[in-house]
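**Q** Output the structure for:
(chains A and B)
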Amino acid sequence: MSTGRDRIFRMPPRVRFAPSPTGYLHVGGARTALFNWLYARRHGGTFILRIEDTDVERSSADMISGILSSMTWLGLTWDEGPGVGGPHAPYFQTERLDKYRAAAARLVESGAAYYCYCRPEDLAAKRAAAEAAGSAWMYDRTCVVLSPEEVAAREGAREPRAVRFFVPAGGTTFTDLVRGHIAFAREHIEDFVILRSDGYPTYHLSVVVDDVEMEITQVVRGDDHISNTPKQVLLYEAMGATIPDFAHVPLILGPDKKRLSKRHGATSVGEYETQDYLPEAMINFLALLGWSPGGNQEVFSREELVERFTLDGISGGNAVFNSEKLDWFNQQHIMRLPADDILRRLTPAITAAGLWRDSFFTTDADWIGKVIELLKPRARKLGDIVPALAPFVADIVVYDEAAVTKHLKVAGVAAHLSAWLQVVEGLPSLEPAATEAALRVLAAARGIKPGVLIHATRVAVVGQSVSPGLFEVLDLVGRDRVAERLRAYAS
RNA sequence: GUCCCCAUCGUCCAGAGGCCUAGGACGUGGCCCUUUCAAGGCCAAGACCCGGGUUCGAAUCCCGGUGGGGACGCCA
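**A** Purely as a prediction, here's the structure:
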């Protein structure tokens, strides 16, 4: 049998992300998708998206479009799958049912599987009884001993039946790229159903049939699939197919170390999109949850992650989702975004706020770029920049009452501002260093601390007691606007 | 209950027998910068789950225990 290692060097990998559209794209799923995507991109391979919608009861079209949209938002583009097609189309399992049925029939034919006429209610009762007795239930093989005549009779009577895989005696081992060898004794594996009585395949069958047909070379998926793997290995063997490599990645937990769920807060990628996180921050954060490139660098661009990604950098233990660190990554990525990029991303929001000017991309590009640079390190979310733009680009100043009371409605301040206004009007421009020097000279002349003028000016000009460095702000707001706003509070 | 996986600061990771007096990041506390708020810089507190082995030497290897997680569906 050829090992995965050989395969890596022989041909580009083909990996897939195969979500079930029974819910939104969960951050855990997103990370699994990311690892697959990084692996494919790193090795010049193919990243396939396949929708496992065989649970027709719980799957929905809305969930499918939600998942696709979250994948797109994260930038996890797929080479084969919904919308783009590919050599193994279709990529929706419900459109591939004939393949699973044919595979099940072949397995029955070869004796690797058999028809099971047990009724679900009876099985449930047996399971409940075993559970009550405190022991684990495994299918008791009632139907494996049926004679060919009886099977023929029941088939003729069109009795509902499922197809079960016959688990042979022995042991099953497989190599996991993250954990090494894993062994299961087959007495712990029951004869599992591969085709339901309604003709739909179960996960085990469809996943193996598709992974074989789509020539998947590495199966990178969640840890929760590790106990499914021996069953699937058995299926590969029975089908005479090449077994892919497996890499099971640890789960993402909530702060209480329980599997991450809604009660821990936002768990779907869509919620983070709504909350205005940068997709590159999400990618960076998720990549480092359970994987390490080695070294001390923490902030990575998508390209840098692709360059460094290796499966053996994945750690074995589960990871707790730490949203404070996500916030930090978000801020780090905001600070690394060029101003023109920020402007482009924020165009709709700025427009909606009534602050847009077409000159931002032309004659005012330089100026607005400086404004954004000033606002950048203070934004925790990209959208924080939008309201902060108002005092610069418009005459909209929202005055914070507490700030006004504290810094402007103070005895003597109006007179000081009046003097300062005269100075400002006499200045050729508000170049920061010169403006600051002028303010300090004035403060000294009037026998007050520079801070009195600085704080009063800040509140008068931006309406808040916090802002970027005052003199940079004044320069970018412009002398006329600054003078106008000072005048409102001068005596 | 049975099987499987995992185990380093509160959290995410580094560490693949001596480089460990265990390193980085988030968070926390302090200081610096300073006109505010951020950003940035510096400092501090903070961990190898326990017990046995193996070895001259173990965070690193082995065994056991404990703890956590996962799986035991005609869900995926």
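
**Q** Now do the strands in chain A.
**A** For chain A, the strands defined by DSSP state E occupy A:14-17, A:46-49, A:113-116, A:162-165, A:171-176, A:180-185, A:193-195, A:218-222, A:245-249, A:252-253, A:319-320.

**Q** any low-confidence regions in chain A?
**A** Chain A contains residues with pLDDT under 70 at A:1-10.

**Q** what's the domain layout of it?
**A** A:1-82+A:250-336, A:337-393, A:401-487 (automatic domain parsing).

**Q** Mean neighbour count and distance to RNA strand B added to those, as TSV?
**A** Any C-beta I mention is one placed from the backbone N, CA and C, and that applies to glycine too. As requested, those are exported to TSV (neighbours: other CB atoms under 10 Å; distance: least, CB to the nearest atom of the strand, whole Å):
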stretch	mean neighbour count	distance to RNA strand B
domain A:1-82+A:250-336	18	3
domain A:337-393	16	4
domain A:401-487	17	4
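
**Q** In CSV, list these along with distance to residue A:121.
**A** Shown next, in CSV, are the domains of chain A (distance: least, CB to CB, whole Å):
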stretch, distance to residue A:121
domain A:1-82+A:250-336, 18
domain A:337-393, 53
domain A:401-487, 67
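
**Q** Throw the strands of chain A into TSV and include distance to residue A:483, thanks.
**A** Converted to TSV, those look like this (distance: least, CB to CB, whole Å):
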stretch	distance to residue A:483
strand A:14-17	59
strand A:46-49	58
strand A:113-116	86
strand A:162-165	83
strand A:171-176	70
strand A:180-185	72
strand A:193-195	80
strand A:218-222	62
strand A:245-249	60
strand A:252-253	55
strand A:319-320	54
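
**Q** Of all the ones you listed, which one is nearest residue A:339?
**A** Of all these, the one in closest proximity to residue A:339, counting by CB to CB, is strand A:46-49 (32.2 Å).

**Q** Can you tell me what sits against the closest one?
**A** A:12-18, A:36-37, A:40-41, A:68, A:71, A:76-82, A:86, A:88, A:91, A:214, A:216 (CB atoms under 8 Å, 6 or more residues apart in numbering).

**Q** I'd guessed residue A:238 sits against residue A:111; true?
**A** No. Between residue A:238 and residue A:111 there is no contact under CB atoms under 8 Å: 9.3 Å.

**Q** Those two: which is more packed in?
**A** Counted by other CB atoms under 10 Å, residue A:238 and residue A:111 do not tie: residue A:238 has more neighbours, with 21 against 9.

**Q** who's in contact with the closest residue to that one other than its chain neighbours?
**A** Closest residue to residue A:238 apart from its sequence neighbours, by CB to CB, 6 or more residues apart in numbering: residue A:112 at 3.9 Å. Applying CB under 8 Å, 6+ apart to residue A:112 gives the contacts A:165, A:166, A:238.

**Q** want to try TSV for those residues, with distance to residue A:447 as columns?
**A** Shown next, in TSV, are the contacts of residue A:112 (distance: CB to CB, whole Å):
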residue	distance to residue A:447
A:165	92
A:166	97
A:238	94
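
**Q** so which of these would you say is closest to RNA strand B?
**A** Nearest to RNA strand B among those: residue A:165, at 10.9 Å, using CB to the nearest atom of the strand.

**Q** burial measure for the closest one, as a count.
**A** If you count neighbours by other CB under 10 Å, residue A:165 ends up with 25.

**Q** doesn't residue A:233 make contact with it?
**A** No. Under the criterion of CB under 8 Å, residue A:165 is not in contact with residue A:233, lying 11.6 Å apart.

**Q** Next, find the distance separating the closest residue to residue A:252 other than its chain neighbours from residue A:288.
**A** The shortest distance from residue A:252 to any non-neighbouring residue, by CB to CB, 6+ apart, is to residue A:28 (4.5 Å). Separation of residue A:28 from residue A:288 (CB to CB, to the nearest Å) stands at 15 Å.

**Q** go on, residue A:279?
**A** Relative to residue A:288, residue A:279 is positioned 15 Å away (CB to CB).

**Q** What of residue A:227?
**A** Taken as CB to CB, the span from residue A:227 to residue A:288 is 27 Å.

**Q** So which residues on the stretch 51-200 of chain A come close to RNA strand B?
**A** By CB under 7 Å from any atom of the strand, the residues of the stretch 51-200 of chain A that approach RNA strand B are A:52, A:54-55, A:58, A:116-120, A:123, A:127, A:134-139, A:160-162, A:179-180, A:182-185, A:188, A:190, A:192-193, A:196-198, A:200.

**Q** Filter these down to the buried ones.
**A** Buried subset of those (neighbour count, 16 or more other CB atoms under 10 Å): A:52, A:54, A:116-118, A:123, A:138-139, A:161-162, A:182, A:184, A:190, A:192-193, A:196-197, A:200.

**Q** what residues are up against residue A:66?
**A** A:24, A:25, A:270.

**Q** okay but the last one is in contact with residue A:25, surely?
**A** Spelled out, that is residue A:270. Yes. Look at residue A:270 against residue A:25 with CB under 8 Å: they come within range, at 7.0 Å.

**Q** Between those two, which contacts overlap?
**A** A:66, A:70.

**Q** for stretch A:195-211, the distance to its chain's centre please.
**A** 28 Å (CA atoms, centre = their mean, to the nearest Å).

**Q** With just CA atoms, put that stretch into PDB.
**A** In PDB, the C-alpha atoms belonging to stretch A:195-211 read as follows (Å, rounded to 0.1, in the frame of the first residue of the first chain):
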ATOM      1  CA  LEU A 195     -27.600   2.800   3.100                       C
ATOM      2  CA  ARG A 196     -30.800   3.700   4.900                       C
ATOM      3  CA  SER A 197     -34.100   2.100   4.200                       C
ATOM      4  CA  ASP A 198     -35.200   5.200   2.300                       C
ATOM      5  CA  GLY A 199     -32.300   4.700  -0.100                       C
ATOM      6  CA  TYR A 200     -30.200   7.600   1.200                       C
ATOM      7  CA  PRO A 201     -26.600   6.800   2.200                       C
ATOM      8  CA  THR A 202     -25.300   7.400   5.600                       C
ATOM      9  CA  TYR A 203     -22.300   9.600   6.200                       C
ATOM     10  CA  HIS A 204     -19.800   6.700   6.200                       C
ATOM     11  CA  LEU A 205     -20.800   5.500   2.700                       C
ATOM     12  CA  SER A 206     -21.200   8.800   1.000                       C
ATOM     13  CA  VAL A 207     -18.000  10.200   2.400                       C
ATOM     14  CA  VAL A 208     -15.900   7.300   1.300                       C
ATOM     15  CA  VAL A 209     -17.500   6.900  -2.100                       C
ATOM     16  CA  ASP A 210     -17.000  10.600  -2.800                       C
ATOM     17  CA  ASP A 211     -13.500  10.900  -1.300                       C
END
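
**Q** Let's have the contacts of residue A:66 in CSV, adding distance to residue A:451.
**A** Compiled in CSV, the contacts of residue A:66 are given as follows (distance: CB to CB, whole Å):
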residue, distance to residue A:451
A:24, 51
A:25, 50
A:270, 46
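
**Q** Out of these, list just those in helices.
**A** residue A:270 (DSSP state H).

**Q** ok, of the contacts of residue A:66, which one's closest to residue A:248?
**A** residue A:25 (19.5 Å).

**Q** what's that closest one in contact with, if anything?
**A** A:19, A:33, A:66, A:67, A:70, A:71, A:268, A:269, A:270.

**Q** what does residue A:467 give?
**A** Taking CB under 8 Å, 6+ apart, we find residue A:467 in contact with A:458, A:473.
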